[in-house]
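**Q** okay, sequence plus prediction incoming.
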Amino acid sequence: MPGKRWAAPVLLALSLPLLAPALTPPAVAASSSSAPAASSSVAGSGARASRAAALPPLEEINTVTTQVASGLRRPVAIAAPDDGTNRLFIVEKRGTVRVYHPTTGLGQTIIDVTASVDESDNERGLLGIALAPDFARSQVLYLAYTALPDGAVTLGRYRMSTGTLEPLLSQEHSQFGNHNGTQIAFGNDGYLYMSIGDGGGAGDPFKSGQRLDTLLGKILRVDVNRKCGTLAYCVPQNNPFVGVANARPEIWMYGGRNPWRFSIDRADGSMWIGDVGQGRWEEINHVKTGRQAGANLGWSCYEGFEVFDQAQCRSGVTYTKPVFTYSPYTGGCAVTGGEVYRGAQYANLVGGTYIATDYCSSDVWALREDGRGGYLKAQIGEMPTQVTAFAHTPAGELYVVNDLPGGLHRVAFERSAPTCRVKVVTQGWGRGMTVDLTITNTGTAPVDGWTLTFTLALGQTVTSDWNTDLTQGSNVVTASNATHNGAIAPGASVTMGYLVSHTGDAALPSMFALNGDTCSIGA
C-alpha cells in the first residue's frame, strides 16, 4: 500500500545528470549466457519524435473509466494471463485472488493464502502478483506479500495445479508496517523484478535507501527459474553488485523510498517507477535499459529534486533524477505508478504514453517522450478514488482497481479540446521577472468564478500580483479571480500577473489548469 500523506502538482526534469560514482558497480554485460530467453524492440529517438508529433497534444486527451466489477475486498493488484481466456486475476489484500471475465463478470476465489499473510497494518497484506512467462503451460505464478508472523516482505511461488505456496525470498520488516513495496514483474530478459520499501516509519530511520547491505529501499532482480546453493533462486551474474563487498547481489537499483508500483515497458524494456514521497514530492522515474543496473534513485539524500537529508548524500555519486514530480498542496497523497499504453484501441491518442495517478487526488498524469530528450506531460482527467494498481491485458488495454470502494475499472481515452488557453508574456532582469498571463475561455460555457493553478520552478517566490487573489504553497500557485474579473464568456479573456524573485532558475510554468481542467499554452 502506498502510505497516505497530502500531496499534488508538477515539476519536470528533462535530463539525468551524470556524476562520477563513488561506488562504481562492475560493468554489466548486455546479455548473459544464464539469462532466460528475452524479447524486446527499441525504437530510435527519431521514430519517437515522429510518433509524438503524430499524436494529438496531451491537453486534448481525456481519461474515461467504466466500472466493470464491484464487491472486491481491498483489491491491490491485477494480472492478465496470456492464455486466450480473457481473464483477469485480482489480488485482494487479505490474501485471496479472484478471477474476472468480461462476459461472466467477477467469479470465485481461485487462490487463498490467507494462512500465510500478515495484513495487520493498513499497508501489509498480499500486495503483488506476477504470472510466469510460461503461465499458460506451467500454471505457475508469483506472489509478493507480508508474511506471518512478523510482516517480513516475501516473494513466493504459487502452483495452481497443487495450490501450494513456496517462499523464495524474504526481507525482515517487523518494526514498521508501512513502505513494503512489493511490486513484482517479469522483464523482457525473463528475470523477476521486485520492489521493497525502505522499512517504513518516516525519514528513512534505518538509512536503508543508500545502503547496499540491505534489500530495503531497493528494486531487486532475480532468476526464479533456477536454484543456486542454499538459495531458492539464482542471482544473475550481471547484476551490478555481484562480487561487491558488503552488498546484496540481488540489488538492481537502490535509493527508493516506497517504489510500490513500477512497470516495465514491453516495447523497450525501460522501467517506469512511481516512488511515494515523504511529504514534499511524489516522483516518477523513467529508467531506460542500459541505465538501470546500479541506478541510484536518490532517497534519502534526495526527495524529488530537493536534498532531503544532506548526511545521506555522497560526493561523486550518480543520482538518477525523476522525470516528473508533484508536490503536496492540492489534494494528492501518494503516487500510484501506472503503465505505458501499448494497446490498439487508443493508439492514435495515447500510444506510447505513460499513465499514472494519485491515490487521493485521483488526477491522471500523462507523460510522453518528446523525441528530443524531454517529456510532454499533462493532467488528463480523473480516475476513480483510491486507485491502487494498473494492469494491461495481453492486447495492451488498461484496467485499474481501487481500494476501499473495491472496484475493477476499464480505462479508455477520448479526444476533447481544452476549454482554456493561457498566453504567457514575461520580462526578466537579474534575479527577478514579471509574468503576465492571458486566460481565454475556449469552451462553449461561460466561466463564473475561476481558479488557475500552476507550478513555479524551485527557488521562485511570488512577491506581488495583480488582477488576482494569489497564494503560493511551496512551489504551487493558486490564483483566483479578483472581484472584477470572475466572469469569462466563451471566446473572451482576462489578464492577471505576478512578480517573482528567483535563485537562478527563471523557467516559466509549463502547465496550467483552470478550475481543474488542463489548459493549452499559446497565443
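**A** Cool, the structure landed.
**Q** Asp363 bridge partners, please.
**A** Note on Asp363: beta-bridge partners Glu382, judged by DSSP bridges.
**Q** now Tyr254
**A** Bridge pairing for Tyr254 - DSSP bridges - gives Lys218, Asn296.
**Q** output the below-cut-off pLDDT ranges for the stretch 201-350 of the chain.
**A** 328, 330 (pLDDT under 70).
**Q** pLDDT below threshold where in the stretch 401-523 of the chain?
**A** Judged by pLDDT under 70, no stretch of the stretch 401-523 of the chain qualifies at all.
**Q** do a quick rundown of the strands in it.
**A** Ranges of strands within the stretch 401-523 of the chain are 407-415, 420-429, 432-441, 447-448, 451-455, 461-466, 468-473, 476-481, 487-488, 493-501, 512-514, 517-518, 520-521, based on DSSP state E, counting those that start in this stretch.
**Q** direction included, what does the fourth one pair against?
**A** Sheet partners assigned to strand 447-448 using DSSP bridges are listed as strand 487-488 (antiparallel).
**Q** residues contacting the strand it pairs with, please?
**A** Strand 487-488 is contacted from outside by Ile439, Thr440, Asn441, Pro446, Val447, Asp448, Gly449, Trp450, Val494, using C-beta atoms under 8 Å, 6 or more residues apart in numbering. (C-beta placed from N, C-alpha, C; glycine too.)
**Q** ok, back up a step: ok, and which of the strands of the stretch 401-523 of the chain has the densest surroundings?
**A** By mean neighbour count, with neighbours taken as mean count of other C-beta atoms under 10 Å, strand 512-514 ranks first of those at a mean of 23.
**Q** what's that strand packed up against?
**A** strand 420-429, strand 451-455 (3 or more C-beta pairs under 8 Å, 6 or more residues apart in numbering; DSSP states H and E).
**Q** now these as a markdown table including distance to Gly84?
**A** Listed next are these as a markdown table, based on distance: least, C-beta to C-beta, whole Å:
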| stretch | distance to Gly84 |
| --- | --- |
| strand 420-429 | 46 |
| strand 451-455 | 46 |
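**Q** any idea which of the ones you listed gets closest to Phe241?
**A** strand 451-455 (36.4 Å; C-beta to C-beta).
**Q** can I get that closest one in CSV, CA atoms only?
**A** Only the C-alpha atoms of strand 451-455 are listed here, as CSV (Å, rounded to 0.1, in the frame of the first residue of the first chain):
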residue,chain,number,x,y,z
THR,A,451,-9.1,29.4,-10.1
LEU,A,452,-5.8,28.9,-12.1
THR,A,453,-3.2,26.5,-10.7
PHE,A,454,0.3,26.2,-11.9
THR,A,455,3.8,25.3,-10.6
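**Q** list the helices and strands that strand packs on?
**A** Partner elements for strand 451-455 (3+ C-beta pairs under 8 Å, 6+ apart): strand 476-481, strand 512-514.
**Q** what's next to stretch 155-164, contact-wise?
**A** 110-111, 113, 116, 139-145, 165-170, 184, 192, 194, 222, 224.
**Q** filter these to the buried ones?
**A** 111, 113, 116, 139-145, 165, 168-169, 184, 192, 194, 222, 224 (16 or more other C-beta atoms under 10 Å).
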